[in-house]
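Visitor: Pasted the sequence and its predicted model underneath.
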Amino acid sequence: MKVINTQLIFILLVLVLVVRALPAVATDYSGSNFFVRDPIISEGGTHYATSASYQLRATIGGVESIGESTSTTYKVKSGFQYYDDTAPDITSAVVNDGSGADIDEQTSLNTIQANWSGFSDPESGLRTTDPYEYAIRRKSDGYFWSSTTSAWQAGAIWYATSTTAISVTPVYLRTSETYYVSVRAYNNAGMVSSAVDSDGVKVTPSLSFSLSSTAVNFGTLETVNNFTATGYTTTTVSTNAYNGYIITAWATSPLTNSGGATIADWGGTNASPTAWPGNCPVDNQCGFGYSTNDNNLSGGTADRFTNSGPNYAAFVTNGPGDPVADHTAKVDGSTGAINNEQFVITYKVSVNAVQAAGDYKTTIVYVATPQY
Amino acid sequence: MWQLRSISIVLSFILVGLISLPASSQSRSLDNINNSLTVEPALVELEVSSGDLLLKKIKVKNNYNRQIKVEAQVKGFVSASKFGGINFIDSSKGRNKNSAQQWIDIYPSSIDIPAGSSVEYTVEIKVPDGTPAGSYYAAIIFMPKIEAGFVTNSGAKIIPAVGALFLFNLSPGEKIDPSKILIVNDKIDSNNSIFAKTIQAIEKMFGNNSVAVISQPPVKIEFELLNQTNFYIRPKAEAILRNALGRVTAQSQVDLSTVLANSQRFNKLMINLPAKKIPYFGRYTVYLGVAADGAKLSKGWIVWILPVWFLLSTIAIFCLIILFVVKYKKRIARFFSILLRGK
């Protein structure tokens, strides 16, 4: 029994070796009145003839490229097909950011432009349909922009184009980040070049700040107005800075008259502003302070000035001062830039009848800076 | 005599004219005038080395309706709070560890800018030889000189200044120590209802301490990033919400705010879920990943999304089961009796 088994195993091994040693057999081509038997010229691999500049292949791109015989009566076609086996040349290729000469900065948060030249292929030429592919990338993590999902993602995303310039909108860009465009070319043999990158473009952060007036006048504090006055300033900011902006304010001094007498500051602080419904002569609520209608203000409880307010705080006397208005939500191509965002700062002063007479003056400095 | 009469008539006209002048003219108020400055770039981030000499341009546009003199001042600053903002530091008082104030000269320091025109300032940055590695900051404040006399009675002159911030990382070969970047004070938005507390207590029995219960998306996460290194960092965050089967339901990526050296920054993230016909409910897990200069940090939470309709349905089903049991308790008892005894 053991002998039979050993013999069986031996026969099976021989069979396996024989089968593995059999030469490859090519597919025969046949017509109604002809056969082309075993059309392989030589065995092994897919390349049948090579030179420095061409290769003879059995198939290219899945299509048979060996000459074959066809006939109505009888006809033989034969010969070589020459195919380019080198990728397009990128030696002279240049990719510029922008629509013309290369730019390094731009203001748009949602458009990327690029143009390129210098891709060539002396052997087979660049393919006629969509010879280029481009990708929009950001430098910090190498992510690719997907127009399909409108998001940056890790996987490579290339877009075919027949032109040598692109303008893509929308792309979600932000300030303080470098974006670049990669371009690669295809030739008629389906070979793709290495990617050529632009040197990158950044969105320049800008900040524009205005106030509705350059002065606030309290007029004369007297009996008819309960020695109380209010004033207003509207802040207006436009910016594309990614982290928004912050406006701080400070007074160079307390309200002071020519004789050096001062009006005391209101008791509330920026971190903890307090309500001020009355006035000095009647309610003993005296001082000089400010409030803001920004109900999402950084530096403490977000709505501390507006919740059960208006609540007031005293100006500090050193720069850049305390926050009075801000925008901390992220700004990018998906949100658009902040455009003329306004907040109202209210001033209030109230004194009693024994306050020394005179014109009380100070200077209030508002400082607008981008958030880092 | 006629000359005297003529003079009195002219003087009368002048007097009447003066009295009838509007109050606004008397106080020279400039209300509603777009008196602004635009600065570009407003934020400059640079990698520098000890001994570097750099030139940068800053464009300032005068949007006033008249020519104004603009003064440029350079200040050192530090982070004002965990919400950002700046606090000037006075180099003369020795608080200049992170100040780049002494590095910067700006030309011209004061200039008249015609209405509607721009001026390009040159910022010369000289990094002193031997400056230790780390982050350094400076602000250039552009301040219009508002002429005196706007305030006639009591009141305040108001000056709008615009600042451009410079952040420098000076890192000759030194790398950031990732262990010095931490997530602190993290929390996820959750209901405080008894039902929510019950679920949290049950989860705690299974060792899950970070559990939130919300009635509907979005999922809101708050955390602070503590940067104990000497360099400012620009972190990126990714939040992933997975359902009970482990499938990714929603994903959010965001560039977080810059965290200055040796400071803390507050961050808020929201994970919005894509709209679908059946509202979201059930048990989810939230993953927060933060990457910053080699540091990779993560946090995880369990989130129960329990909409009102789900709670009401659950209560209704529970009540129906109780009613059924009460009404058919004999039959149920008999059924179980047969089931258990095989009779």
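Guide: Yep, that arrived.

Visitor: Least confident secondary structure element in chain B?
Guide: Across the helices and strands of chain B, mean confidence by mean pLDDT, DSSP states H and E is lowest for helix B:23-27: a mean of 32.

Visitor: quick one: secondary structure of the residue of the stretch 151-300 of chain A at minimum distance from chain B?
Guide: Of all residues in the stretch 151-300 of chain A, residue A:210 sits closest to chain B, at 3.0 Å by CB to the nearest CB. C-beta here means a position set from N, CA and C on the backbone, and glycine is covered the same way. With DSSP: H, G, I helix; E, B strand; the rest coil as the basis, residue A:210 sits in strand.

Visitor: Quick check: it touching residue B:36?
Guide: Yes. Taking contacts as CB atoms under 8 Å, residue A:210 lies within contact range of residue B:36: 3.0 Å.

Visitor: what's the overlap in contacts for those two?
Guide: Residues touching both residue A:210 and residue B:36 (CB atoms under 8 Å, 6 or more residues apart in numbering or on different chains): A:236, B:63, B:160.

Visitor: wait, which of those residues is closest to residue A:356?
Guide: residue B:160 (30.8 Å; CB to CB).

Visitor: The closest one should be in a strand, yeah?
Guide: Yes. Under three-state DSSP, residue B:160 falls within a strand.

Visitor: now the shared contacts of residue A:210 and residue B:36 in a markdown table, with distance to residue A:184 and neighbour count?
Guide: Shown next, in a markdown table, are the shared contacts of residue A:210 and residue B:36 (distance: CB to CB, whole Å; neighbours: other CB atoms under 10 Å in any protein chain shown):
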| residue | distance to residue A:184 | neighbour count |
| --- | --- | --- |
| A:236 | 46 | 20 |
| B:63 | 45 | 19 |
| B:160 | 50 | 27 |
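
Visitor: List the contacts of stretch B:213-221.
Guide: B:186-191, B:193, B:195-196, B:199-200, B:212, B:239, B:241, B:250, B:268-273, B:279-280, B:284, B:286, B:288, B:301, B:303-308.

Visitor: Show me what from the stretch 51-200 of chain B comes close to chain A.
Guide: Contacts of the stretch 51-200 of chain B with chain A, taken as CB under 8 Å from any CB of the partner chain, map to B:61, B:63, B:75, B:80-81, B:83-88, B:139, B:141, B:143, B:146, B:150-165, B:167.

Visitor: show me where the chain has helices.
Guide: Just going to use chain A. A:2-21, A:280-283 (DSSP state H).

Visitor: look at chain B instead
Guide: B:2-19, B:23-27, B:194-205, B:308-327, B:329-341.

Visitor: What average pLDDT does the longest one get?
Guide: If I follow you right, that is helix B:308-327. On average, the pLDDT along helix B:308-327 is 88.

Visitor: So what's the gap between it and the chain middle?
Guide: Here helix B:308-327 is found 46 Å from its chain centre; the criterion is CA atoms, centre = their mean, to the nearest Å.

Visitor: And that helix, what does it pack against?
Guide: Packing contacts for helix B:308-327, counted by 3 or more CB pairs under 8 Å, 6 or more residues apart in numbering or on different chains; DSSP states H and E, involve no helix or strand.

Visitor: any residues touching that helix, and which ones?
Guide: Residues contacting helix B:308-327 (CB under 8 Å, 6+ apart): B:195, B:215, B:279, B:281, B:332.

Visitor: Among those residues, show me the least confident.
Guide: For the contacts of helix B:308-327, the least confident entry is residue B:279, with 73.

Visitor: How much space separates it from chain A?
Guide: 23 Å (CB to the nearest CB, to the nearest Å).

Visitor: and the stretch 151-300 of chain A, which residues reach chain B?
Guide: So far as CB under 8 Å from any CB goes, the stretch 151-300 of chain A lies against chain B at A:151-152, A:174-177, A:204-221, A:229, A:231, A:233, A:236, A:238-239, A:241-243, A:246, A:248, A:251, A:255, A:298-299.

Visitor: redo that, cut-off 6 Å
Guide: Contact residues, the stretch 151-300 of chain A versus chain B (CB under 6 Å from any CB of the partner chain): A:176, A:204-220, A:233, A:241, A:243, A:246, A:298-299.

Visitor: Write the PyMOL selection for whichever of those are buried.
Guide: A single PyMOL command selects the buried members of those (16 or more other CB atoms under 10 Å in any protein chain shown):
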select buried, chain A and resi 176+204+205+206+207+208+209+210+211+212+213+214+215+216+217+218+233+241+243+246+298+299
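
Visitor: and residue B:268, how many residues sit next to it?
Guide: 15 (other CB atoms under 10 Å in any protein chain shown).

Visitor: ok, it touching residue B:223?
Guide: No. Residue B:268 lies out of contact with residue B:223 (CB atoms under 6 Å); the separation is 8.4 Å.

Visitor: For the chain, give me the ranges with low pLDDT.
Guide: As the question left the chain open, I've gone with chain A. A:1-8, A:10-84 (pLDDT under 70).

Visitor: actually it's chain B I care about, not the one you picked
Guide: Using pLDDT under 70, chain B drops low at B:1-34, B:90-96, B:147-150, B:172-174, B:342-343.

Visitor: which residue sits closest to residue 300 in space, ignoring its chain neighbours?
Guide: All of this refers to chain A. Nearest residue to residue A:300, sequence neighbours excluded (CB to CB, 6 or more residues apart in numbering or on different chains): residue A:271, at 4.6 Å.

Visitor: oops, chain B please
Guide: Closest to residue B:300 by CB to CB, 6+ apart is residue B:287, at 5.5 Å.

Visitor: Equivalent analysis for residue A:322, please.
Guide: Using CB to CB, 6+ apart, the closest residue to residue A:322 is residue A:270 (3.6 Å).

Visitor: centroid residue for chain B?
Guide: residue B:83 (6.0 Å; CA atoms, centre = their mean).

Visitor: so who does it touch?
Guide: Applying CB atoms under 6 Å, 6 or more residues apart in numbering or on different chains to residue B:83 gives the contacts A:298-299, B:266.

Visitor: can you redo the residues you listed as JSON lines with distance to residue A:329?
Guide: Shown next, in JSON lines, are the contacts of residue B:83 (distance: CB to CB, whole Å):
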{"residue": "A:298", "distance to residue A:329": "11"}
{"residue": "A:299", "distance to residue A:329": "16"}
{"residue": "B:266", "distance to residue A:329": "13"}
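
Visitor: What is the nearest of these to residue B:296?
Guide: Nearest to residue B:296 among the contacts of residue B:83, with distances taken as CB to CB, is residue B:266, at 20.6 Å.

Visitor: Could you double-check that that closest one sits in contact with residue B:82?
Guide: Yes. Counting by CB under 6 Å, residue B:82 is a contact partner of residue B:266 at 4.5 Å.

Visitor: Could you name every residue contacting both of the two?
Guide: residue B:224.

Visitor: Would you mind measuring from the residue in chain B positioned nearest to chain A to residue B:55?
Guide: Using CB to the nearest CB, the single residue of chain B nearest to chain A is residue B:36, 3.0 Å away. Note on residue B:36: its distance to residue B:55, by CB to CB, to the nearest Å, is 27 Å.

Visitor: Could you check which of these two has the larger neighbour count?
Guide: Between residue B:36 and residue B:55, counted using other CB under 10 Å, the more crowded position is residue B:36 (21 against 9).

Visitor: what residues are up against that one?
Guide: Residue B:36 neighbours (CB under 6 Å, 6+ apart): A:208-210, B:63.

Visitor: List the contacts of stretch B:268-279.
Guide: B:217-222, B:239, B:241, B:250, B:252, B:280, B:307.

Visitor: Repeat that for stretch A:173-185.
Guide: Taking CB under 6 Å, 6+ apart as the rule, stretch A:173-185 contacts A:88, A:95, A:109, A:114, A:116, A:119, A:126, A:131-139, A:192-193, A:195-198, A:200-203, A:205, A:240-242, A:332-333, B:45.

Visitor: No further queries at this time; thank you.
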